[in-house]
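J.: need a structure here:
(one chain, ligands or ions: 2)
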Amino acid sequence: MRLPTVADIERRIPRPEDFESRARGTALTARVGSALGIAFLICFLTGMWSHFQYSTPGWLTLSPRPTQLYRWTQGLHIISGTAAIPLLLVKLWSVFPRLFIRPPKGARALAVEALERGSIAALMGSAFFMLVSGTLNIIGWYPWEFSFRRTHEAVAWVAIGSLLVHIAVKLPAIRQGLGERVEHPDHDLDPSAPTRRSVLNGAFVASGLAVLLTAGQTVPFLRKVSAFSVRPGDGPQDLPVNRTAAGAGTEKTALDPAWRLEVVVGDRTVSLTRDQLLAMPQSTHRLPIACVEGWSRSATWTGVPVRDIIALAGGSPDADVTVRSLQTKGAFGSSLVVGNVVEDARTMLALELNGETLDIDHGYPARLIAPNRPGVFQTKWVNRMEVT
Ligand SMILES: Nc1nc2c(c(=O)[nH]1)N[C@H]1C(S)=C(S)[C@@H](COP(=O)(O)O)O[C@H]1N2
Ligand SMILES: [Mo]
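T.: Residues are numbered from 1 along each chain as shown. Ligands and ions are numbered 1, 2, ... in the order given. Just a heads-up that it's a prediction; the model follows:
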């Protein structure tokens, strides 16, 4: 038996012309690609906003208004990312025969081709990474060792950078494709074959369905429609739960009658029982929990404004306050509330949720709730506030 030669192998590798579907073509690629580009751009901008809200740089002061801002930006982030998945698959299908173009002759042409393919490889790799890691994050599964947040952010820059290069390189083809009619001129030769129009419509329908079936986790009127949304509405007191008291190791300490809220201002510490907190003037506000993982839900919270508690201990009502909890396991056991958020009367140490005593999984005996704040910072099982 003779071993196959390079030429034998080459003969077996298909060529672009071997893929005959007339549904492919620049008219389709340019349209699906434009929609995908818009989805990626929205996803990128809202994602960067999320990083700003999560670790706010010193030059930026985030306002507690608009109250629902983070809910909107993070909702859009998850919706645009979900919409992008079917679009990316159809876009890939429409161009993948081009992967089989043979390398050109000549060093210069070869170098240009290698650069272009390199940028496409970076774009594909980063786009897949973003959509896969984002989806796993939405479903709350972290099968990796690295920090999701930092890696998702770093790769986002690779994705947006290589996307801009790709758009710049392909601009003439994009303009040509958008100028062409969608349908192939001889599409009636074989009426049973899928047409470009049907593939294009299919891509948009699939993308729309993906959104409809999941967006109910953040868009209230879609709640009943979104069969695949991750946290549709279960959880005590009509509000989903990410980390339970058992998960945080607080199921005993939270119910301990010896619980006190310690308020530390300088070298002064004031201890308050839950009854003492209940005896202070209460306020009630409707505020959302807007989780970075893409679900959000408004609820009616009753409790004591944080600024009143700080003032009671002799602190300034616009001080920066570190809020700590009984949590012993895992992340997000404490958070910082900056002065202009403390100052807002709706920033509360909540004692009641939807008219009932806070459920232990929602942070009994007391939890923080503030307007326009990522869910991870709405600290549950609070036992200490420090003016820093
Ligand atoms: N102490 C503590 N508080 C926490 C968390 C946590 O892990 N530990 N998770 C946060 C996250 S990620 C979210 S989205 C909200 C959810 O609040 P809920 O469970 O009452 O809906 O709580 C936040 N508060
Ligand atoms: Mo969250």
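
J.: so who does residue 366 touch?
T.: Contacts for residue 366 (CB atoms under 8 Å, 6 or more residues apart in numbering) come out as 261, 274, 277, 303, 349-351, 358, 381-382. All C-beta spots, glycine's among them, are computed from the backbone N, C-alpha and C.

J.: Return the member of those nearest to residue 78.
T.: Nearest to residue 78 among these, counting by CB to CB, is residue 350 at 25.4 Å.

J.: Make JSON lines from the contacts of residue 366 and add secondary structure and pLDDT to it.
T.: Listed next are the contacts of residue 366 as JSON lines, based on DSSP: H, G, I helix; E, B strand; the rest coil; pLDDT from 0 to 100:
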{"residue": "261", "secondary structure": "strand", "pLDDT": "98"}
{"residue": "274", "secondary structure": "helix", "pLDDT": "98"}
{"residue": "277", "secondary structure": "helix", "pLDDT": "98"}
{"residue": "303", "secondary structure": "strand", "pLDDT": "98"}
{"residue": "349", "secondary structure": "strand", "pLDDT": "98"}
{"residue": "350", "secondary structure": "strand", "pLDDT": "98"}
{"residue": "351", "secondary structure": "strand", "pLDDT": "98"}
{"residue": "358", "secondary structure": "coil", "pLDDT": "98"}
{"residue": "381", "secondary structure": "coil", "pLDDT": "98"}
{"residue": "382", "secondary structure": "strand", "pLDDT": "98"}
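
J.: Of these, just say which sits nearest to ligand 2.
T.: Taking CB to the ion as the measure, ligand 2 lies nearest residue 381 of these, at 14.9 Å.

J.: wouldn't the closest one be in contact with residue 250 here?
T.: Yes: Residue 381 is within contact range of residue 250, at 4.6 Å (criterion: CB atoms under 8 Å).

J.: got any residues that touch both of the two?
T.: With CB under 8 Å, 6+ apart, residue 381 and residue 250 have common neighbours 325-327.

J.: Ligand 1 next: which of those are close?
T.: With CB under 6 Å from any ligand atom as the criterion, the shared contacts of residue 381 and residue 250 include 325, 327 near ligand 1.

J.: So this protein: which segments form each domain?
T.: Following automatic domain parsing, the chain resolves into domains at 13-222, 238-387.

J.: Let's have the shared contacts of residue 381 and residue 250 in a markdown table, adding distance to residue 257.
T.: Formatted as a markdown table, the shared contacts of residue 381 and residue 250 follow (distance: CB to CB, whole Å):
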| residue | distance to residue 257 |
| --- | --- |
| 325 | 18 |
| 326 | 14 |
| 327 | 19 |
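
J.: Next to ligand 1, which bits of the stretch 251-388 of the chain? Give me the list.
T.: Counting by CB under 6 Å from any ligand atom, the stretch 251-388 of the chain sits next to ligand 1 at 289, 291, 325, 327, 332-333, 362-363, 375-376, 378-381.

J.: Closest one of the residues you listed to residue 206?
T.: Nearest to residue 206 out of those is residue 291 (CB to CB; 25.9 Å).

J.: Could you verify my assumption that residue 200 touches residue 28?
T.: Yes: between residue 200 and residue 28 a contact is recorded at 5.7 Å, counting by CB under 8 Å.

J.: Mind listing the shared neighbours of those two?
T.: Joint contacts of residue 200 and residue 28 (CB under 8 Å, 6+ apart) are residue 182.

J.: Looking at the two now, which is surrounded by more residues?
T.: With neighbours defined as other CB atoms under 10 Å, residue 200 and residue 28 compare such that residue 28 has more, 26 against 20.

J.: what does the average pLDDT come to for whichever strand or helix holds residue 117?
T.: Assessed by DSSP states H and E, residue 117 sits inside helix 107-138. Helix 107-138 comes out with an average pLDDT of 94.

J.: Then stretch 31-50?
T.: The average pLDDT for stretch 31-50 rounds to 98.

J.: for stretch 96-104, same thing?
T.: On average, the pLDDT along stretch 96-104 is 92.

J.: So which bits of it are buried?
T.: Going by neighbour count (16 or more other CB atoms under 10 Å), the buried part of stretch 96-104 is residue 97.

J.: Next, the distance between the ends of that stretch.
T.: One end of stretch 96-104 to the other measures 18 Å (CA to CA, to the nearest Å).

J.: Spell out which residues of the chain are next to ligand 2.
T.: 242, 291, 375-376 (CB under 5 Å from the ion).

J.: Let me see the confidence value for residue 2.
T.: Note on residue 2: pLDDT of 85.

J.: Mind checking what secondary structure it has?
T.: coil (DSSP: H, G, I helix; E, B strand; the rest coil).

J.: Can you tell me which of the domains of the chain is packed in deepest?
T.: The highest average neighbour count among the domains of the chain, using mean count of other CB atoms under 10 Å, belongs to domain 238-387 at a mean of 19.

J.: Distance from the chain centre to that one, please.
T.: 24 Å (CA atoms, centre = their mean, to the nearest Å).

J.: Could you work out the end-to-end span of it for me?
T.: 33 Å.

J.: going forward, begin numbering at 46 instead of 1
T.: Happy to do that; since the first residue is 46 now, the last one works out to domain 283-432.

J.: The strand or helix carrying residue 119 near ligand 1 anywhere?
T.: Residue 119 is part of helix 114-140, with elements assigned from DSSP H and E. No: judged by CB under 6 Å from any ligand atom, helix 114-140 stays clear of ligand 1, getting no closer than 10.4 Å.

J.: I appreciate the help and will end here.
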